[in-house]
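Participant: Sharing a model prediction with you, sequence too.
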Amino acid sequence: MKHLREKGEYEMQLRMLVAIFVLLTVMTGCTNGGKAANTFTLEQVADAIRAEGAELSPRGTDDAALLNHVKPSVYVLGHPTIKPVYPHSIYIYVFDSEQEMQKAKTDMSGKFTISLLTNLKKYEQGNVMIMYFATDGNMKEFNQEIQSALQKLAV
């Protein structure tokens, strides 16, 4: 009898340990060490784009391009080997959260007026939205650098 009781207690203890282990695994998998998921700073975004080979020249902020109460930081894009005839620019919006960035998308309607030659492309990653303006219409010049930078930030 004593042997059966010890065996039953052992199985119960083993089940409790497995249950605790599963619970800890699930809890750990649902967190990321207390860091907000997909939240980036302006410096992180700018550094990531520079790391891809693009040159960024800051031009301040643009009050007229306000989205969800956030002013974009404006940069002129350049490249050591590519000098566009007309400068390309990016507007980097950094929101408090990814949800705030999603709200800003509804605020975009009618905000940007562009000429027939200008192309506009929007990029999103976490709490960041980038508007890329190619004034000569050639989106290929810096598209890859911006996409790669945002993808690497997400990793």
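Facilitator: Yep, that arrived. Since the structure is predicted, the reported quantities are computational estimates derived from the model, not experimental observations.
Participant: Could you tell me which ranges of this structure sit under the pLDDT cut-off?
Facilitator: Using pLDDT under 70 as the threshold, the predicted model of the chain has low-confidence ranges 1-10, 12-14, 16-37, 80-85, 109-117.
Participant: domain ranges for it?
Facilitator: 1-31, 42-154 (automatic domain parsing).
Participant: Checking Gln102 next. Helix, strand or coil?
Facilitator: Applying DSSP: H, G, I helix; E, B strand; the rest coil to Gln102 yields a three-state assignment of helix.
Participant: what's the helix or strand where Tyr132 lies packed up against?
Facilitator: Secondary structure from DSSP states H and E places Tyr132 in strand 128-134. With contacts defined as 3 or more CB pairs under 8 Å, 6 or more residues apart in numbering; DSSP states H and E, the secondary structure elements packing on strand 128-134 are strand 88-94, helix 98-106, strand 119-125, helix 140-154. Using the backbone N, CA and C atoms, a C-beta is placed for each residue, glycine as well.
Participant: Throw the ones you listed into a markdown table and include distance to Pro72 and mean neighbour count, thanks.
Facilitator: Output for the helices and strands packed on strand 128-134, formatted as a markdown table (distance: least, CB to CB, whole Å; neighbours: other CB atoms under 10 Å):
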| stretch | distance to Pro72 | mean neighbour count |
| --- | --- | --- |
| strand 88-94 | 4 | 23 |
| helix 98-106 | 10 | 15 |
| strand 119-125 | 12 | 16 |
| helix 140-154 | 14 | 17 |
